[in-house]
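1. task: produce atomic coordinates for the following.
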Amino acid sequence: MLLYNITVKIAGDVEEEWLMWMKEKHTPEVVNAGKFLESKISRLLNKPKGEESTYVIQYLCENLEQYNFYIENFAGALRDEHNAKYKNKFVAFRTLMEIV
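-> A predicted model of the protein is given here:
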């Protein structure tokens with residue numbers, strides 16, 4: 001099993017709207033791409049005072065082939081939509097991990 005992990009630091013002035021959009025639109029679209037079994041959104045609790053909020057979005061998939069199918073066929077368009085909607089309001093990085 002693989003865990004696709006996206007960490008996002010989001011600007012406070014769009015945080016509430018972004019979180020709702022992620023829960024209601026973006027994350028379901030990623031899962032509905034057909035290759036992920038489930039997803040979770042978590043918020044970092046121990047952020048330094050005055051810093052923007054950090055969220056972790058995690059997607060579970062069965063194997064590397066399914067992950068690669070998502071990356072090759074869906075990830076670009078979904079990332080572009082996110083980037084256009086929240087341009088200059090976030091910083092993100094992605095990691096892929098194997099559950100052991």
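2. so which bits of the lengthiest helix in the chain are buried?
-> Ranked by number of residues, the top helix in the chain under DSSP state H is helix 76-85. Of the residues in helix 76-85, L78, H82 count as buried by neighbour count, 16 or more other CB atoms under 10 Å. For every residue, glycine as well, the C-beta is placed using N, CA and C.
3. what lies in contact with it?
-> Helix 76-85 is contacted from outside by W21, H26, E29, V30, A33, using CB atoms under 8 Å, 6 or more residues apart in numbering.
4. just give me how far that helix sits from the chain centre.
-> Helix 76-85 sits 11 Å away from the centroid of its parent chain (CA atoms, centre = their mean, to the nearest Å).
5. just the CA coordinates of that helix, formatted as PDB?
-> Extracted C-alpha coordinates of helix 76-85, given in PDB (Å, rounded to 0.1, in the frame of the first residue of the first chain):
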ATOM      1  CA  GLY A  76      -1.800  17.900 -13.900                       C
ATOM      2  CA  ALA A  77      -5.300  19.200 -14.500                       C
ATOM      3  CA  LEU A  78      -6.300  19.000 -10.800                       C
ATOM      4  CA  ARG A  79      -3.100  20.800  -9.800                       C
ATOM      5  CA  ASP A  80      -3.600  23.500 -12.400                       C
ATOM      6  CA  GLU A  81      -7.100  24.100 -11.100                       C
ATOM      7  CA  HIS A  82      -5.800  24.400  -7.500                       C
ATOM      8  CA  ASN A  83      -2.900  26.700  -8.600                       C
ATOM      9  CA  ALA A  84      -5.200  29.000 -10.500                       C
ATOM     10  CA  LYS A  85      -7.800  29.300  -7.800                       C
END
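6. name the next helix or strand downstream of it, please.
-> Scanning forward in sequence from helix 76-85 by DSSP states H and E, the next helix or strand is strand 90-98.
7. neighbouring strands - and their directions - for that following strand?
-> Strand 90-98 sits in its sheet next to strand 2-10 (antiparallel), going by DSSP bridges.
8. which parts of the strand it pairs with are buried?
-> Here strand 2-10 shows L2, Y4, I6, T7, V8, K9, I10 as buried, counting by 16+ other CB under 10 Å.
9. please consider this matter closed, and thank you.
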